[in-house]
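Colleague: got a sequence here, can you model it:
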Amino acid sequence: MILLDDTPESLAKSRLPTRRSESVDEEYAAPPPAYPGSFSSSQPPDVEAHAGALHPSIGHPRHDAERRKHAPRRYLKALGIGALIWVGIGFLVRSAFAVVHWNRSTFSQGQTADHLDRPHRISTLPRPIDGKVERCVSASSVIQLLDSRAESVVSFDLPLYADVLYIFGRGALSRGTITFMPMEGERPRSGFPDRVVKVDITTTYQAKFALDAVNFCLLERLAGQHGIGILTPSGEDHDLDLLDFKIDVRFPLPAQGLWPSPVNSFETNLPLFRHNMHDLNGIVKFDSVSFISRNAPMHIEYLVANEATVTTSNAVIKGSFNVTRSLFVQTSNQDIDAAVELGNRGWDATKLTLLNQNGAIDARLSLVSQHMGRGNEYDVVARTENGRLSLPISSQPVYSKLLVDAHTSNAPASVKVPITFEGRIEARTSNADATVGCDPLAKDPTGNRRLHECMFEQRSVESVNGSVRWPQLYGNVGGKVSVVSSNSPVSVTSG
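Modeller: Coordinates of the predicted model:
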């Protein structure tokens, strides 16, 4: 039997396998089958399904439906993988920027840095208001190995007889301790002291990269005003535990028998710096001192100055002061503990101001005259809230004028004036007792056998008003003591 070419294919021929290129186009080929699972021994394999996989048909409805069914799942899977890759790349980029931020040099002015995800400008160079820049030293360039510990150490000399000496700190990493002390050793037998003040700055650190952002600069703010600036990056996102500065200020020793070296003015503006001053009596005498800090205590062993300002916050102030023009002391939320000697030269009042809030004031005063004759005047203000106030005054020159304004609230207040005090007395409170003590039998401090007059115009449980005086030919001295509180007792004692 002869088969012609135009006759239909036989059933045997149609079942022979054909090459892929001859059966369907590649774009219509079905996707590869899923990974096969293990067949159960109790169930025979699906021969028809297997055969269908080997011989897919063009445009088979079943395969088109499966492709449409799995398309959303494949899309969501791809989207999730892309999101994970994006998050990973973002984390690596942020980490790289953080490292670059700390390792970038800070000596090129106007540069910027990105710290984590909040960009800001690093300002570690002096500003125009700082005046003339004499020298700047990077903290990372002066690292030394001391006692098996690496530290950054830099030293500066300041002229002793400058119009103003000053040290200030700037930036989020500026914190530590400053100590004023004499030079080491014994006072020389002869000669004149050195004309420089030595300033050593030691920086301890937890990570070296933090030093790269710190500069120490020797500055001349105005003509005759010489100082040092500790310049660190600004911004609230820096780790304050990375650095700690220790500043030692050493004054030269005068020869034995010479007067203390005069220092015109010394100023600090060092937030977060604890201030310590050793006893410099006989070493230097300041015309003016201004110590300003924040959130750090002040400890003054003994300070001699014509005028002084000592301020901080949320920390104690404790010290001994000898001033002739004025003393201003202020803190908050902690105590003021001071021993103060107020000297007066006879032409202007010597002023003492003690300010606190939510803390006690305990000040022991001694009033002295630095000239012969009358006319000494002292003006004392002590104010706090929610804190105890104690103001004993041990001495006062005769014929001198004393003004005291002592005020607190919700806490006791007491003032004791010496027997030489003359003037008005007021003690006032609420919901508690007000008392005034005066001894009419007290002896005349001048030896003239005058009577001590104690007179009270108004006296009640919560308020006492009156006066004490020594009758004399020269008229009333005109002093006044006022003590006020609330919800706690107040008292004034004379003698």
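
Colleague: next, count neighbours for residue 202.
Modeller: Applying other C-beta atoms under 10 Å, we find 19 residues neighbouring residue 202. Every residue, glycine included, has its C-beta placed from N, CA and C.

Colleague: give me the spatial nearest neighbour of it, chain neighbours excluded.
Modeller: Nearest non-adjacent residue to residue 202, counting by C-beta to C-beta, 6 or more residues apart in numbering: residue 246, 4.4 Å away.

Colleague: pLDDT below threshold where in the stretch 351-495 of the chain?
Modeller: Low-confidence segments of the stretch 351-495 of the chain (pLDDT under 70): 373, 473-476.

Colleague: ok, the stretch 1-150 of the chain next?
Modeller: Scanning the stretch 1-150 of the chain for pLDDT under 70 picks out the ranges 1-72, 75, 87, 90-123, 146-149.

Colleague: try it again with 50
Modeller: The model of the stretch 1-150 of the chain has pLDDT under 50 over residues 1-59, 95, 97-121, 123.

Colleague: which residue ranges of the stretch 201-350 of the chain form strands?
Modeller: For the stretch 201-350 of the chain, the strands defined by DSSP state E, counting those that start in this stretch occupy 215-222, 225-231, 243-251, 261-269, 273-277, 284-292, 298-311, 317-330, 336-344, 350-355.

Colleague: in JSON lines: the ones you listed, plus distance to residue 450.
Modeller: Converted to JSON lines, those look like this (distance: least, C-beta to C-beta, whole Å):
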{"stretch": "strand 215-222", "distance to residue 450": "55"}
{"stretch": "strand 225-231", "distance to residue 450": "53"}
{"stretch": "strand 243-251", "distance to residue 450": "48"}
{"stretch": "strand 261-269", "distance to residue 450": "42"}
{"stretch": "strand 273-277", "distance to residue 450": "43"}
{"stretch": "strand 284-292", "distance to residue 450": "38"}
{"stretch": "strand 298-311", "distance to residue 450": "35"}
{"stretch": "strand 317-330", "distance to residue 450": "30"}
{"stretch": "strand 336-344", "distance to residue 450": "23"}
{"stretch": "strand 350-355", "distance to residue 450": "26"}
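
Colleague: out of those, which one sits most buried?
Modeller: By mean neighbour count, with neighbours taken as mean count of other C-beta atoms under 10 Å, strand 225-231 ranks first of the strands of the stretch 201-350 of the chain at a mean of 24.

Colleague: what about it, distance to the chain center?
Modeller: How far strand 225-231 lies from its chain's middle: 18 Å, per C-alpha atoms, centre = their mean, to the nearest Å.

Colleague: strand partners (parallel or antiparallel) of it?
Modeller: Partner strands for strand 225-231, per DSSP bridges, with pairing direction: strand 164-170 (parallel), strand 215-222 (antiparallel).

Colleague: between the ones you listed, which one is nearest to residue 478?
Modeller: The closest of those to residue 478 is strand 164-170. By C-beta to C-beta, the value is 37.3 Å.

Colleague: quick one: that closest one to strand 261-269, angle?
Modeller: Relative orientation of strand 164-170 and strand 261-269, computed by axes from the mean of the first three to the mean of the last three C-alpha atoms, to 10 degrees: 20 degrees.

Colleague: tell me what angle strand 164-170 forms with strand 284-292.
Modeller: Here strand 164-170 points in a direction 30 degrees away from that of strand 284-292 (the same axes, to 10 degrees).

Colleague: list the contacts of the next helix or strand after strand 164-170.
Modeller: Moving toward the C-terminus from strand 164-170, the next helix or strand (DSSP states H and E) is strand 176-182. In this structure, residues lying in contact with strand 176-182 by C-beta atoms under 8 Å, 6 or more residues apart in numbering are 167, 243-251, 253, 268, 270, 272-278, 280, 283.

Colleague: between strand 176-182 and strand 298-311, how many degrees?
Modeller: Using the same axes, to 10 degrees: strand 176-182 against strand 298-311 is 100 degrees.

Colleague: which stretch among the strands of the stretch 201-350 of the chain comes nearest residue 369?
Modeller: strand 336-344 (5.9 Å).

Colleague: quick one on the thing from earlier: quick check: the residue nearest to residue 202 touching residue 199?
Modeller: No: with contact defined as C-beta atoms under 8 Å, residue 246 does not count as touching residue 199 (11.3 Å).

Colleague: what's the residue closest to the geometric middle of this protein?
Modeller: Taking C-alpha atoms, centre = their mean, the centroid of the chain lies closest to residue 272, which sits 3.2 Å from it.

Colleague: for the nearest residue to it once chain neighbours are set aside, list the residues it contacts.
Modeller: Leaving aside its sequence neighbours, residue 272 sits nearest to residue 175 (C-beta to C-beta, 6+ apart; 3.5 Å). Taking C-beta under 8 Å, 6+ apart, we find residue 175 in contact with 169, 240, 243-245, 271-273, 296.

Colleague: residue 175 and residue 257, how far apart?
Modeller: Separation of residue 175 from residue 257 (C-beta to C-beta, to the nearest Å): 41 Å.

Colleague: next, count neighbours for the closest residue to residue 463 other than its chain neighbours.
Modeller: Among residues not flanking residue 463 along the chain, residue 428 sits closest, at 4.6 Å (C-beta to C-beta, 6+ apart). Using other C-beta under 10 Å, residue 428 has 18 neighbouring residues.

Colleague: so what sits opposite residue 428 in the bridge?
Modeller: residue 463, residue 484.
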